[in-house]
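1. Need a 3D model of the following:
(chains A and B)
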Amino acid sequence: MSTSASAPPRQGAPVITRFAPSPTGELHLGNARTALFNQLLARRAGGRFLLRVEDTDSERSHEAHTRALLADLAWLGIEWDAGPDREDARGPYRQSQRGALYAQELAALERAGAVYPCFCTPLELSLARRSQLAAGRPPRYAGTCRDLPPAERARRIAAGVPATLRFRVPGGERIEFIDLVHGPQSFASDDIGDFVVRRADGTAAFFFSNAVDDARMGITLVLRGEDHLTNTPRQLLILAALGHAPPHYGHVALLIGADGAPLSKRHGAVSVREYRERGYLPEAIVNHLFRLGHSTALHGLLSLEQMVQAFDPGHLGRSPARFDEQQLATWQKEAAQRLAPAAARRWLAAVLPPGLDEDSATAFTAALLPNVLLPEDARPWVDIVFGDPPELEPAQAEVVRAAGPGYFSAAAAAAARAGGDLTAIAGAVRAATGRKGADLYMPLRVALTGRAHGPELATLLKVMPAGKARERLARFA
RNA sequence: GCUCCCUUCGUCUAGAGGCCUAGGACAUAGCCCUCUCAAGGCUGUAACACGGGUUCGAAUCCCGUAGGGAGCGCCA
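-> All right, here's what the predicted structure looks like:
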């Protein structure tokens, strides 16, 4: 027998995808990307996108993680049609609540003779693995309990010896399928050892619950990380033994760090939460993820709607993609500049001075936006505009000195009269000194902000508290 | 060790035997614009991992080498 999946679904065929994270930690960027791709895949085909929480490992799974996971996905703008917070007939969407279903399917496997109890202890197994590895052989289950006489099996079960349930992998077969991104795949069943489908504590193991849920939830296309590629034959075997139609599979290459190693904690921030807390905008992250391991002819920041249109599974990359913060910065910059006034104020709320009126806050943030990547970057400008007069660096002091006292007495007088009106101040200085262009504006900028570069001077001046401008200009008069 | 996957500019990638003296975007360099920065415009630098085949012709097909990665768990 050889199991072979047909070609990827045709356009127009119902497409049901899913994202199936385990709530054992924070949402990783790589997982966020597969979630995004799966959502896009479903949307572009007018299908459905489901969210299933794989919390079969009760030790490591936590409800708090599940909540955080949903919150992070929602923050990114990813929406699911059904999930743990939105149950429907296909649910429940928490694996911890699907025990009865698994028992049913497991019983079917037992009836079919596709599984057998294994009494090997974890210690025995790890010892066996170690010696196999040491001998240069694949660390596969040796088949110790595979052909135990029925009487012996019955005896041990009666004696209450803890047992797992193993899948009896048939010999001499090829398991074939067409991977959506890698094309035709072929594996020899002889390379696959009998694997556990039910743990000694009675709970379903990953290969099993994951495959069975995909089938029972009607998933038609599973797009997941490449780390699952060589696991796919096992799942195909389970599904075939159960008589379930397999979904189509696609495996996207993993995300790697700047050094080419799989993206992990040692590369710095790898969770969505960390980026969110640093002030990155969801649009920026999603746009970056969209182009990692995927290509599009479109330029510029894309909305989710545009991504749905532009997403092309045929352009899914086969090689690992580096998560480059510099590229992310480009999207962040663009996303920041597109922020609507109210959103911009909210984004910078933590660094804006308290009690600033709405008009000033709007003008100030608008001026700041082209100059900041993250809210943190706005802090120095808040200090400059609302704090004490800036100290001048030698180079800056020279600019001011070269302008001469006449320049600043005219400027200070104009500021006393016109307040924060740059046009009025610059006009007065021009009249007094005949300067224009950079010669006219640079000393003003330096005297007022202490820096040669920065946001739109007119706006900074306008929001500067009354009297500060005159005071700063008068220092050099 | 075995099985599987991968390898085009610094980065993300286009490329399915001639359209490739390899295209785009970001980054970078220069110029223009400009009160500065940013934005925008123009111009430039920069890549087919290596070696063999196959072919009139190979980034594209085949084989091998090297280098990366994954899986082989009572973790998902």
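2. does RNA strand B sit close to the helix or strand containing A:S209?
-> Assessed by DSSP states H and E, A:S209 sits inside helix A:206-216. Yes - using Cβ under 7 Å from any atom of the strand, helix A:206-216 reaches RNA strand B at A:206-207, A:210. To be clear about C-beta, it is placed using only N, CA and C from the backbone, and glycine gets the same treatment.
3. who's in contact with that helix?
-> The contact list for helix A:206-216 (Cβ atoms under 8 Å, 6 or more residues apart in numbering) reads A:18, A:20, A:52, A:54, A:56, A:90, A:95, A:98, A:101-102, A:105-106, A:167, A:195, A:197-198, A:204, A:219, A:222, A:231, A:234-235, A:238-239, A:242, A:244-247.
4. what's the answer for stretch A:96-116, then?
-> Residues from elsewhere that reach stretch A:96-116 (Cβ under 8 Å, 6+ apart): A:55-56, A:58, A:61, A:91-92, A:145-146, A:148, A:153, A:165-168, A:194, A:197-198, A:203-204, A:208-209, A:212-213, A:216, A:238, A:241-242.
5. Among the residues you listed, name the ones in strands.
-> A:165-167, A:197-198 (DSSP state E).
6. Tabulate the residues of helix A:206-216 next to RNA strand B (JSON lines), appending pLDDT.
-> Output for these, formatted as JSON lines (pLDDT from 0 to 100):
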{"residue": "A:F206", "pLDDT": "94"}
{"residue": "A:F207", "pLDDT": "96"}
{"residue": "A:N210", "pLDDT": "97"}
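7. so which of those residues would you say is closest to RNA strand B?
-> Nearest to RNA strand B, judged by Cβ to the nearest atom of the strand, of the residues of helix A:206-216 next to RNA strand B is A:F206 at 3.1 Å.
8. Tell me which stretches of chain A form strands.
-> Going by DSSP E, chain A shows strands at A:3-4, A:16-19, A:48-51, A:115-118, A:164-167, A:174-179, A:183-188, A:196-198, A:221-225, A:248-252, A:255-256, A:321-322.
9. Highest average neighbour count across these: which stretch is it?
-> strand A:16-19 (a mean of 26; mean count of other Cβ atoms under 10 Å).
10. can you list contacts of that strand?
-> Contacts of strand A:16-19 (Cβ under 8 Å, 6+ apart): A:31, A:34-35, A:38-39, A:41-42, A:47-52, A:73, A:80, A:214, A:217-223.
11. cool, stretch A:339-346 as well?
-> With Cβ under 8 Å, 6+ apart as the criterion, stretch A:339-346 contacts A:281, A:336, A:347, A:352, A:358, A:361-362, A:365-366, A:369.
12. Mind picking the lowest-pLDDT entry from these?
-> Among the contacts of stretch A:339-346, A:E358 has the lowest pLDDT, at 89.
13. wait, does the helix of greatest length in chain A make contact with RNA strand B?
-> Secondary structure of chain A per DSSP state H: the longest helix is helix A:29-44. No - judged by Cβ under 7 Å from any atom of the strand, helix A:29-44 stays clear of RNA strand B, getting no closer than 9.3 Å.
14. quick one: average confidence on that helix?
-> 96.
15. Residue numbers of the stretch 201-350 of chain A in contact with RNA strand B?
-> A:201, A:205-207, A:210, A:226-231, A:253-254, A:260-262, A:291-295, A:299, A:314-315, A:317-322, A:324, A:326-327, A:330, A:333.
16. Only whichever of the residues you listed are buried, select them in ChimeraX.
-> ChimeraX command restricting these to the buried ones, with burial defined by 16 or more other Cβ atoms under 10 Å:
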select /A:205,206,207,210,226,228,229,231,253,254,291,292,293,294,320,321,333
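17. taking the residues of the stretch 201-350 of chain A next to RNA strand B one by one, which sit in helices?
-> A:206-207, A:210, A:326-327, A:330, A:333.
18. Pick out the most distant pair among those residues.
-> A:F207 and A:K333 (43.6 Å; Cβ to Cβ).
19. ok, A:A128 - how many residues close by?
-> 16 (other Cβ atoms under 10 Å).
20. what's the answer for the one 3 residues further on, then?
-> A count of nearby residues for A:S131, using other Cβ under 10 Å, gives 12.
21. What distance do you get for it to A:E124?
-> The gap separating A:S131 from A:E124 is 11 Å, by Cβ to Cβ, to the nearest Å.
22. go on, A:V351?
-> To A:E124, A:V351 is 59 Å away according to Cβ to Cβ.
23. more crowded one of these two?
-> A:V351 (20 against 12).
24. what's the distance between the more buried one and A:V382?
-> 6 Å.
25. what separates the residue nearest to A:S360 when sequence neighbours are not counted from A:D388, distance-wise?
-> Spatial nearest neighbour of A:S360, excluding adjacent residues (Cβ to Cβ, 6 or more residues apart in numbering): A:V463 at 4.4 Å. Separation of A:V463 from A:D388 (Cβ to Cβ): 16 Å.
26. So these two - more neighbours on which side?
-> Legend: neighbour count by other Cβ under 10 Å for A:V463 and A:D388, higher for A:V463 (20 against 9).
27. Wait, that one touches A:T365, no?
-> No - using Cβ atoms under 8 Å, A:V463 makes no contact with A:T365, being 9.8 Å away.
28. re the thing from before, ok and the helix holding A:S209 relative to strand A:221-225, angle-wise?
-> Comparing the axes of helix A:206-216 and strand A:221-225 via axes from the mean of the first three to the mean of the last three Cα atoms, to 10 degrees yields an angle of 150 degrees.
29. how far out from the middle of the chain is helix A:206-216?
-> 24 Å (Cα atoms, centre = their mean, to the nearest Å).
30. and A:R278, how many residues sit next to it?
-> Counted with other Cβ under 10 Å, A:R278 comes out at 13.
31. do A:A343 as well
-> 13.
32. same question, A:Q97
-> When neighbours are defined as other Cβ under 10 Å, A:Q97 has 14 of them.
33. same thing with A:Q309?
-> Residues within reach of A:Q309, counting by other Cβ under 10 Å, total 14.
34. wait, it sits on A:R44?
-> Yes - with contact defined as Cβ under 8 Å, A:Q309 and A:R44 form a contacting pair (7.1 Å).
35. and A:E176, bridged to which residues?
-> A:S4, A:S186 (DSSP bridges).
36. Which pLDDT value belongs to it?
-> pLDDT, A:E176: 94.
37. ditto for A:Q11
-> For A:Q11, the model assigns a pLDDT of 46.
38. what does the one 10 residues further on give?
-> At A:P21, the model reports a pLDDT of 95.
39. Quick check: it vs RNA strand B, distance?
-> Applying Cβ to the nearest atom of the strand, to the nearest Å, the value for A:P21 to RNA strand B is 7 Å.
40. how about that residue, what does it touch?
-> Contacts for A:P21 (Cβ under 8 Å, 6+ apart) come out as A:27, A:31, A:35, A:53-54, A:69.
41. Please repeat the previous calculation with a cut-off of 10 Å.
-> A:27-28, A:31-32, A:34-35, A:51-55, A:65-66, A:69-70, A:72-73 (Cβ atoms under 10 Å, 6 or more residues apart in numbering).
42. do A:H267 as well
-> A:H267 touches A:29, A:255-259, A:261, A:322-323, A:325, counting by Cβ under 10 Å, 6+ apart.
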